[in-house]
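[1] Show me the folded form of this:
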Amino acid sequence: YDHLYDPAERLFFRDATFFKTKTPAGKKTFWSRGNGWVYGGLALLLEHLPEKHPTRPFYENLFREMTSAILASQQPDGLWRPSMLDPEQVPLGETSGSGFFIFGLAWGVNNGLLDRAQHWPAISRGWEGLLTRIKSDGYVGYVQPIGAAPDKLN
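    Numbers count the residues shown, from 1 in each chain. Next up, the predicted model:
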């Protein structure tokens with residue numbers, strides 16, 4: 001957290017090599033799947049962290065902070081792009097980051113950390129967007145290949 005979290009953007013850099021890396025449009029590089037790992041991980045951590053644990057308020061606050069950045073980067077089709085602040089870098093909705101964010105948002109609503117009326121529309125749009133990425137045989141497409149940064153997908 002201390003090393004990779006950007007409090008201004010409320011997102012995590014993948015690693016230190018991205019501190020000064022910019023997208024072709026000159027924006028900071030925040031990878032959706034990497035931030036999805038964090039966001040989904042926070043949901044799972046909070047699910048098991050006792051209510052009275054002294055660090056729980058820190059993690060709840062971080063979850064809520066990230067939520068605002070995640071909602072701001074959701075695209076009209078309900079999905080997130082590989083590059084969270086520069087959706088034009090790879091202008092296709094990606095399923096792994098999107099899936100993590102939808103899971104985290106739904107977990108937050110179902111566990112009382114996020115307001116249902118405010119957040120459910122984003123969850124619903126995200127779910128509908130994910131459904132467009134599943135073929136009739138169950139194949140899930142538009143997953144970014146193994147990598148370490150926003151990249152093309154098919």
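
[2] Quick check: residue 106 touching residue 123?
    Yes. Under the criterion of C-beta atoms under 8 Å, residue 106 makes contact with residue 123 at 5.2 Å. All C-beta atoms are positioned from the backbone trio N, CA, C, and that covers glycine.

[3] the more surrounded of the two?
    residue 123 (22 against 19; other C-beta atoms under 10 Å).

[4] so what's residue 63 up against?
    39, 42, 43, 46, 104, 108, 113 (C-beta atoms under 8 Å, 6 or more residues apart in numbering).

[5] Return the distance of the helix or strand hosting it from the chain's centre.
    Assigned by DSSP states H and E, residue 63 belongs to helix 56-73. Centre-to-centre, helix 56-73 and its host chain are 10 Å apart (C-alpha atoms, centre = their mean, to the nearest Å).

[6] After that helix, which helix or strand is next?
    helix 95-110.

[7] quick revisit: could you check the angle helix 95-110 makes with the helix holding residue 63?
    130 degrees (axes from the mean of the first three to the mean of the last three C-alpha atoms, to 10 degrees).

[8] what's around residue 120, how many residues?
    Residue 120: 14 neighbours (other C-beta under 10 Å).

[9] who does the helix or strand that it is a member of touch, helix- and strand-wise?
    Here residue 120 sits within helix 116-131, counting by DSSP H and E. Helices and strands touching helix 116-131, as assessed by 3 or more C-beta pairs under 8 Å, 6 or more residues apart in numbering; DSSP states H and E, comprise helix 56-73, helix 95-110.

[10] Quick one: mean pLDDT for the shortest one?
    Per-residue pLDDT over helix 95-110 has a mean of 97.

[11] can you list the residues that contact it?
    Helix 95-110 has contacts (C-beta under 8 Å, 6+ apart) with 31-37, 39-40, 42-43, 47, 63, 67, 70, 74, 78-80, 82, 84, 114-116, 119-120, 122-123, 126-127, 129-130, 133, 140-144.

[12] Give the buried residues for that helix.
    Residues of helix 95-110 classed as buried: 95-109 (neighbour count, 16 or more other C-beta atoms under 10 Å).

[13] likewise stretch 129-136?
    By neighbour count on 16+ other C-beta under 10 Å, the buried set for stretch 129-136 is 129, 130, 133.

[14] Pull the contacting residues for the second one.
    Spelled out, it's residue 130. With C-beta under 8 Å, 6+ apart, residue 130 has these contacts: 78, 79, 95, 98, 99, 102.
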